[in-house]
Every structure is written in C-alpha cells, then in structure tokens.
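Here's a sequence, model it:
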Amino acid sequence: MNNILSKTKILLLIFLLTSCSYKPIFIEKDYDFQIKEVLLTGEKDINKIIENKLKFIKQSDDGKKKNYTIEINSFKERKTVSKDSKGDPLKFKMSVKVEYKVIYNNSVRIINEIEKNSIYNNESDQFKLEQTEDIILENLAGILSDNIMSSIINLDDN
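Below is the predicted model:
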C-alpha cells in the first residue's frame, strides 16, 4: 500500500513538473500599436476568423499607440485535383487568398497578398466532407491572420 502511494506521488510530481502551458503567440504581447478599424470584403467565413484573431489588438484605448486601419479582401476556391476512372473526384484543393492593406495616418503602409492551399481527400459522407472543409478553412484563415499580424509587427519594428 505504501509502495503504491509513493509511486502515485512520484507520478503526480513528474506530471506537474513537466506539464507545459500553451499560450497563443500574439495574445500576451503588449504592442505599441492598435487596430482602429478592420474593413472586410469577400468570403464571410474567412473574414470572421481573421477578425476574431485581430480583435484582441483592436480593444485597446491607449492614446499613445499608433492606430492602424486594415482593409482585407478574401477569396476561397475549391478545385478538383484528381478523379477516379468514373470521373468522380478523389482529391480536392482548397485555396484561400487574402489581399490586405495596412493604413496609418491616411497613408498606405503595406499592400500585400497571401495565399495558402491545402489538398484533402474526398469523403463519401457529405457531412464529413463539409466538416473537413470547415476545419481546413479555419486553419488556413488562422495562418493568414498570423501572417497579417506578423507583417504589422515587422512594420512597427522598422
């Protein structure tokens, strides 16, 4: 009994000491800029994901920070990459593209365009295929929003 209790304590101690704490990359930082306004056009789903990622920087009311306005135009395209002998799709390619401008004091500081792609298998179950596409879209849009943030941070460092 004593042996089991001591092994349990050791395992618990090891678990507590080796556990890591995950923190998103851009959340904990205090930047010397804020996003005053985000103007979105294009795909609603992509825009919603990007806006949610940029929202935490938009919430500051510090008058000393630089105020940036971001204009984002997003596109999504799904293509068939390969087909079987009957002509049914086997693989799809989802492309998500974002064109954006970063504006400071009525002057365009950045004009950029980013595109990310993902290839995935077709599913016989339509519901499962839609779920897969939603997950891929969310991942690609998240990567694009991180790239937008990185470009603003690099602009601000220069």
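
for the helix or strand harbouring residue 150, packing partners?
Taking DSSP states H and E as the definition, residue 150 sits inside helix 126-157. Secondary-structure packing of helix 126-157 (3 or more C-beta pairs under 8 Å, 6 or more residues apart in numbering; DSSP states H and E): strand 33-42, helix 44-58, strand 66-83, strand 89-104, strand 107-121. For the C-beta atoms, the positions are set from N, CA and C on the backbone; glycine is no exception.

what sits against the residue sitting nearest the centre point of the chain?
Residue closest to the mean C-alpha point of the chain, counted by C-alpha atoms, centre = their mean, is residue 142 at 1.0 Å. Counting by C-beta atoms under 8 Å, 6 or more residues apart in numbering, residue 142 makes contact with 49, 53.

ok, now with 10 Å
Remark: with contacts taken as C-beta atoms under 10 Å, 6 or more residues apart in numbering, residue 142 is in contact with 49, 50, 52, 53, 116.

The third one - how many residues pack around it?
Counted by other C-beta atoms under 10 Å, the residues lying close to residue 52 total 12.

surely it meets residue 145?
Yes - counting by C-beta atoms under 10 Å, residue 52 does reach residue 145; the two are 8.3 Å apart.

any weak-confidence spans in this structure?
Low-confidence segments of the chain, defined by pLDDT under 70: 1-2, 5, 11-31, 58-63, 156-158.

what secondary structure does residue 124 sit in?
coil (DSSP: H, G, I helix; E, B strand; the rest coil).
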